[in-house]
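S.K.: Need the 3D shape of this:
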Amino acid sequence: MLLRSQTKSAFIALCFIASGCASFEPGMRYQDLMRPRQPTVKETQEGLELSIEEFASKNKSQQAFDADIAPYGILALLLKAENNGSKTYRIQEQTISAYLGNESLSSLSGEKAASQGANSEYVGKALAWTALAGPFAIILWPATIAGSAAHTASVNRRIEAHFDSMRFNDTVLKPNQSAAGFLYFKLPTGLKKLENLRVEATPSEDGTVDRLSYKLSLPTLDLSSPVSAPPTSQSNDSQP
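M.R.: Reported below is the predicted structural model:
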């Protein structure tokens, strides 16, 4: 009877671990990136508009990735490109860089950003989920820990797939075409403020060596704020 009771309790504990408290539910998908949004900064040259929207503040990071990833050293920036001109442009990720002052930030793949950012948050939560399952989770810890680990691994795979699916890919934009996606960069450890952050991009006219040069400076962002205010939109429009 005692064994049956313990088995039933273990089953309840495992169900609790696999419940919604351990879920990954970002509020954005790839199709949402092309919808009209308010960028943090934008610049237009020869009909090609590049805009950047920060997703380092806690509320925006939670919306896109269901996790606050900046404290784990990950900077996520949404790049949107709209070709309203008459030429065709090629935009490659390797021609886009981010800087904090004079320091260049290393770019990261979607998988690496997920592993260092959102996955880290879920690893910490796994222990909490096990503890919340009650005293039987401790008594029967091999089963509850195994269930928690298996569920966390499954969630982590979903997180990595989400980060990859939202990433900006190399693209060729013909007139009246648009593209959007996230750029991921590694932040210095223990950073409390993003100051003098800028993104530089050099898209090229397709089939030629001619390049445009963009320098998009973002306003200072306080990463220690529990909920950051919406960013102030800035614009630097250049004429051909």
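
S.K.: Excluding chain neighbours, what is closest to Lys174?
M.R.: Spatially, and ignoring its direct neighbours in sequence, Lys174 is nearest to Thr88 (5.0 Å; Cβ to Cβ, 6 or more residues apart in numbering). (Each C-beta comes from the backbone N, C-alpha and C, glycine too.)

S.K.: Check Lys192 too.
M.R.: Ser224 (5.0 Å).

S.K.: okay, and for this structure, where does confidence drop off?
M.R.: Where the chain drops to pLDDT under 70, the residues are 1-22, 118-153, 225-240.

S.K.: the helices in it, which residues?
M.R.: Along the chain, the stretches classed as helices by DSSP state H are 2-17, 58-65, 110-116, 118-132, 135-139, 141-165.

S.K.: For Leu79, give its distance to Asn196.
M.R.: From Leu79 across to Asn196, the span is 19 Å (Cβ to Cβ, to the nearest Å).

S.K.: Also Lys215?
M.R.: For Lys215 relative to Asn196 (Cβ to Cβ), the value is 12 Å.

S.K.: Please look at Ala113 and Met166 and confirm they touch.
M.R.: No: between Ala113 and Met166 there is no contact under Cβ atoms under 8 Å: 9.7 Å.

S.K.: With neighbour numbers in mind, choose between those two.
M.R.: Counting neighbours by other Cβ atoms under 10 Å for Ala113 and for Met166 shows that Ala113 has the greater number, 30 against 24.

S.K.: any idea what sits nearest that one, other than its immediate chain neighbours?
M.R.: Among residues not flanking Ala113 along the chain, Tyr184 sits closest, at 3.8 Å (Cβ to Cβ, 6+ apart).

S.K.: Next up, the contacts around that neighbour.
M.R.: Neighbouring residues of Tyr184 by Cβ atoms under 8 Å, 6 or more residues apart in numbering: 74-76, 107-110, 112-113, 163, 167.

S.K.: try 10 Å this time
M.R.: Shown in contact with Tyr184 (Cβ atoms under 10 Å, 6 or more residues apart in numbering): 55, 69, 74-77, 98, 105-114, 116-117, 163, 166-168.

S.K.: State the distance from it to Thr88.
M.R.: Using Cβ to Cβ, Tyr184 is found at 27 Å from Thr88.
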